[in-house]
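# Sequence and predicted structure are below.
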Number of protein chains: 2
Amino acid sequence: MATMTDVARRAGVSVSTVSYVLTGTRPISAATRDRVLEAMAELGYQPNALARGLASRRSNIVGLLLPLTGRGLGATETAFVTGATEAARKAGYHLMLCPVGAEDTDELRALATQRLLDGFLVMEVGLTDQRVDLLRTLDTPFVLIGRTADTGGLACVDIDFEQTVDDAVAHLVGLGHETIAYVNHSGASLAGGYGPAKRTEEAFEAALERHGVTGVMVPTEDTASGGRAAIRQARERCPDLTGVLVMNENAALGILADLRESGLEVPFDVSLVSMVTSEVVADLASPPLTAMTSPGTALGAAATRVLLDRLAGDGVAGDPTYTELVPCVLDVRGTSARARRRTNTAASRRR
Amino acid sequence: MATMTDVARRAGVSVSTVSYVLTGTRPISAATRDRVLEAMAELGYQPNALARGLASRRSNIVGLLLPLTGRGLGATETAFVTGATEAARKAGYHLMLCPVGAEDTDELRALATQRLLDGFLVMEVGLTDQRVDLLRTLDTPFVLIGRTADTGGLACVDIDFEQTVDDAVAHLVGLGHETIAYVNHSGASLAGGYGPAKRTEEAFEAALERHGVTGVMVPTEDTASGGRAAIRQARERCPDLTGVLVMNENAALGILADLRESGLEVPFDVSLVSMVTSEVVADLASPPLTAMTSPGTALGAAATRVLLDRLAGDGVAGDPTYTELVPCVLDVRGTSARARRRTNTAASRRR
DNA sequence: TTGAAAGCGCTAACAG
DNA sequence: CTGTTAGCGCTTTCAA
């Protein structure tokens, strides 16, 4: 394993010169640079990342804080991760997966104090989040993927739920739908203040009003069978129902199956728009889901970019508050169509 | 940021003593240990991971080599990743995501030579794999998740495809099915020597013979529409078909939809077993898929364990060849049932 | 059972 | 434009 000293000797220069051609922190004559580069190549030299980090106080590694709660990651979260990883790599950074739960503050404190990581990307952010509170007190830079209730002084990158819900409602209204159900995340999520659940709930109310249509929100478990239960409940409460928005992909598939088994045809009797959805899952349904496609990789990449910018900013900026919202984009596939005239008949057929 | 020197001063001992209470590499009297621990607690001391790594020549980080090829990770791969991450964390290691393509040998060489990582987990291994060839020449420990053609001298952890295929065929045969189609990965995968595709192809042939039934293999794209095309082709070539094995989850959903639209009822006209499948996707289908459930997290954890064992082994063991195979386990859900008597009639109904 | 001190391989003043 | 050198914070002989 060749060291920098070896390279210096071989090139006939001092170690600092070698170091400077590597970091580019000071001008080097073309001639010496070439000699150094050549020596490096001949020796197959690679700088020792640990030594480098110790001396420069920068590891070039960022941590991705990711509560690994049993069930594993969904397609959307996975896209975040790969987007962030790719973006970091392109910027010469590495990404470390840090499976620390929302409650594991001790572990997070240790992690942040070990100086292994230059900063953090925080996933699965709650409206109030202990990890965020902790990170604020430490001197570690971080950016949230998601938002807390109070984003003052924080850097956040998140889905623009308001816009996304409004776009989805607009799509359905544009197709003539006038009674719309919103199948949200679970009641527990809502009670627990889970950001996406709360925000979309409010956005849905606002969108109904803005577009002059009526509707109802139903909370659900994020599973296919949860979706089945939800759509039954929604139809009971709203027999005229012809449009459905659903927050969770798994629930969307359940809804689709349940409607079909109830003798209702999608999209002709009922139109369905799946929110924050990955393309794979959308394509996997029959018919493929009309969806607000989750900007997963873009979000991960954006968050990384923001974090790395701060790291480059080398010190605390004046007001570090910064929020970047990315809406999902509508992909019309097979589950949405113009509302039928006599929707009542169709929707009530089974009752 | 307290350093070890601070702790030593406060506890009234030398730095080396502090170091030894941390590493446990030499006996310390209970009294001094307590004083040191107390000092650490008072100062909120955390060892600097970079300094530690530099001095000890071990970073306590392992890299997960993961070709991030556009489309992102499937549920099974994601489970690998989370399983490995969790296992590493429990052993006091960190896991770094290394998105290096199968061809990026230069990048891999740099990564391995930088001494940032103590070892590698290699995902998406091909029958011949440049990354493996390279890692062999370097002195970095690594273990494959998957297998190359020649596993001599390598540590591998993989799915037991032979067993898995045989179990699946046995399940169908036990239900009275006598003509079985196997919808494999794409023809390109097969031609390219993709391990799972080749291995299952052979295992399928063997299983047919062993169980005394007939069948046909059809390659397919790993998408829902690929599955649709495949099942049509299979039924054309084998009108008696009543059992289907499918390698890809997305294709499985396509097959399900296509059979239904052809007027065939699953599981009564045709039984379907989805191979190497995640529980989420299985539950998302209607009816939920009978599947050979992918041991994703278990595999990731097993691979990590093997790697960390080698790292602890501190040097090259005698014969480093080691292979651990984990079969998928059969989860009977809604897509498999006893074969109907007059399967011919049912299967031919549409022709 | 403990301490002293020599590095680990690099960066970044400081000095020319 | 280049060299000298003092650390970065820890581990690990060597010596007691």
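Structure's in. What do you need? Quantities reported herein were computed from a predicted structural model and do not represent experimental measurements.
# measure stretch A:132-147 end to end?
Stretch A:132-147 has its terminal residues 10 Å apart, counting by C-alpha to C-alpha, to the nearest Å.
# Then stretch A:324-333?
One end of stretch A:324-333 to the other measures 28 Å (C-alpha to C-alpha).
# can you list contacts of it?
Contacts to stretch A:324-333, defined as C-beta atoms under 8 Å, 6 or more residues apart in numbering or on different chains, come from residues A:156-160, A:163-164, A:167-168, A:171, A:273, A:275-277, A:279, A:282-283, A:287-295, A:298-299, A:302, A:306. Where you see a C-beta, it was placed from the backbone N, CA and C, and this is true even at glycine.
# Narrow those residues to those in strands?
Counted as lying in strands by DSSP state E, out of those, are A:156-159, A:273, A:275-277, A:290-293.
# Mind pulling the model confidence for A:G315?
Looking at A:G315, its pLDDT is 43.
# Can you give me every residue that contacts the nearest residue to A:L289 once chain neighbours are set aside?
Leaving aside its sequence neighbours, A:L289 sits nearest to A:A282 (C-beta to C-beta, 6 or more residues apart in numbering or on different chains; 4.1 Å). Neighbour list for A:A282: A:249, A:274, A:288-289, A:291, A:293, A:331, A:333 [criterion: C-beta under 8 Å, 6+ apart].
# dump the residue contacts of A:A51.
By C-beta under 8 Å, 6+ apart, the neighbours of A:A51 are B:L54.
# Quick one, grab the pLDDT at it.
Confidence score, pLDDT, at A:A51: 97.
# do the same with A:G70
If you check A:G70, the pLDDT there is 65.
# ditto for A:A346
At A:A346, pLDDT is 45.
# Check A:D150 too.
Predicted confidence (pLDDT) for A:D150: 85.
# And stretch A:62-82, end to end?
First-to-last residue span, stretch A:62-82, C-alpha to C-alpha: 14 Å.
# isn't A:D222 right next to A:A252, touching?
No. With contact defined as C-beta atoms under 8 Å, A:D222 does not count as touching A:A252 (10.2 Å).
# So for the two, which sits in the more crowded spot?
With neighbours defined as other C-beta atoms under 10 Å in any protein chain shown, A:D222 and A:A252 compare such that A:A252 has more, 30 against 18.
# For whichever strand or helix holds the more buried one, which helices and strands make contact with it?
Per DSSP states H and E, A:A252 falls inside helix A:249-261. Applying 3 or more C-beta pairs under 8 Å, 6 or more residues apart in numbering or on different chains; DSSP states H and E, one finds that helix A:249-261 contacts helix A:224-237, strand A:243-246, strand A:271-277, helix A:279-284, helix B:279-284.
# Restricting to C-alpha, output the second one in PDB.
Listed next in PDB are the C-alpha coordinates belonging to strand A:243-246 (Å, rounded to 0.1, in the frame of the first residue of the first chain):
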ATOM      1  CA  GLY A 243     -63.900   9.400  -7.700                       C
ATOM      2  CA  VAL A 244     -61.300   8.100  -5.300                       C
ATOM      3  CA  LEU A 245     -57.900   9.400  -4.200                       C
ATOM      4  CA  VAL A 246     -55.800   7.000  -2.200                       C
END
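# now that strand, how far from the chain's geometric center?
22 Å (C-alpha atoms, centre = their mean, to the nearest Å).
# which residues touch the closest residue to A:Y93 other than its chain neighbours?
Spatial nearest neighbour of A:Y93, excluding adjacent residues (C-beta to C-beta, 6+ apart): A:N60 at 5.3 Å. With contacts defined as C-beta under 8 Å, 6+ apart, the neighbours of A:N60 are A:49, A:53, A:92-94, A:118.
# Same question for A:D118.
By C-beta under 8 Å, 6+ apart, the contact list for A:D118 reads A:58-62, A:93, A:141, A:311.
# Next secondary structure element downstream of the strand or helix carrying A:L22?
A:L22 is located in helix A:15-23, with elements delineated by DSSP H and E. Per DSSP H and E, the first helix or strand lying C-terminal to helix A:15-23 is helix A:30-43.
# wait, does the helix or strand just after that next one contact DNA strand D?
Next along the chain after helix A:30-43, taking DSSP H and E as the criterion, comes helix A:49-56. Yes. Counting by C-beta under 7 Å from any atom of the strand, contacts between helix A:49-56 and DNA strand D involve A:51, A:54-55.
# So helix A:49-56, near DNA strand C or not?
Yes. Helix A:49-56 reaches DNA strand C (C-beta under 7 Å from any atom of the strand) through A:51-52, A:54-56.
# Next secondary structure after that helix?
Beyond helix A:49-56 on the C-terminal side, the first helix or strand identified by DSSP H and E is strand A:61-65.
# ends of stretch A:86-95, how far apart?
OK, stretch A:86-95 end separation, C-alpha to C-alpha: 9 Å.
# let me redo that: stretch A:189-201
11 Å.
# For DNA strand D, give me its nearest residue in the stretch 151-300 of chain A.
Relative to DNA strand D, the nearest point of the stretch 151-300 of chain A is A:A155 (25.9 Å; C-beta to the nearest atom of the strand).
# I'd like to know how many residues surround that residue.
Other residues close to A:A155 by other C-beta under 10 Å number 21.
# Quickly list what it is bridged to.
Taking DSSP bridges, one finds A:Y322 as the beta-bridge partners of A:A155.
# for the residue nearest to A:F142 when sequence neighbours are not counted, which residues make a bridge with it?
Nearest residue to A:F142 in three dimensions, chain neighbours excluded: A:F120, at 4.0 Å (C-beta to C-beta, 6+ apart). Beta bridges link A:F120 to A:G63, A:F142 when assigned by DSSP bridges.
# Number of residues surrounding A:F120?
Neighbours of A:F120 (other C-beta under 10 Å): 26.
# pretty sure A:T148 is touching A:Q130, no?
No. In this structure, A:T148 is not within contact of A:Q130 by C-beta under 8 Å, at 10.6 Å.
# what about those two, which has more around it?
Between A:T148 and A:Q130, counting by other C-beta under 10 Å, A:T148 is the more crowded of the two (20 against 14).
# Type out the PyMOL command that picks the buried ones from the contacts of stretch A:324-333.
Buried residues among those (16 or more other C-beta atoms under 10 Å in any protein chain shown), as a PyMOL selection:
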select buried, chain A and resi 156+157+158+159+160+164+167+168+171+273+275+276+277+279+282+283+288+289+290+291+292+293+294+295+298+299+302+306
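# who in the stretch 101-250 of chain A is up against chain B?
Contact residues, the stretch 101-250 of chain A versus chain B (C-beta under 8 Å from any C-beta of the partner chain): A:110, A:113-116, A:223-225, A:249-250.
# circling back: tell me the buried residues within the residues of helix A:49-56 next to DNA strand C.
By 16+ other C-beta under 10 Å, those give A:51-52, A:54 as buried.
# Please identify which of these is nearest to A:R10.
Comparing those against A:R10 with C-beta to C-beta places A:A51 closest, at 18.7 Å.
# who's in contact with A:M217?
Here A:M217 is in contact with A:181-184, A:201, A:204-205 (criterion: C-beta under 8 Å, 6+ apart).
# and those residues as TSV, adding secondary structure, pLDDT and neighbour count?
Listed next are the contacts of A:M217 as TSV, based on DSSP: H, G, I helix; E, B strand; the rest coil; pLDDT from 0 to 100; neighbours: other C-beta atoms under 10 Å in any protein chain shown:
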residue	secondary structure	pLDDT	neighbour count
A:A181	strand	97	26
A:Y182	strand	98	28
A:V183	strand	97	28
A:N184	strand	96	26
A:E201	helix	96	19
A:F204	helix	97	26
A:E205	helix	97	14
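# right, and the pair among those residues with maximum separation?
Top of the distance list for the contacts of A:M217 (C-beta to C-beta): A:V183 and A:E205, 14.8 Å.
# If you drop the residues flanking it in sequence, what lies closest to A:G193?
A:L127 (3.9 Å).
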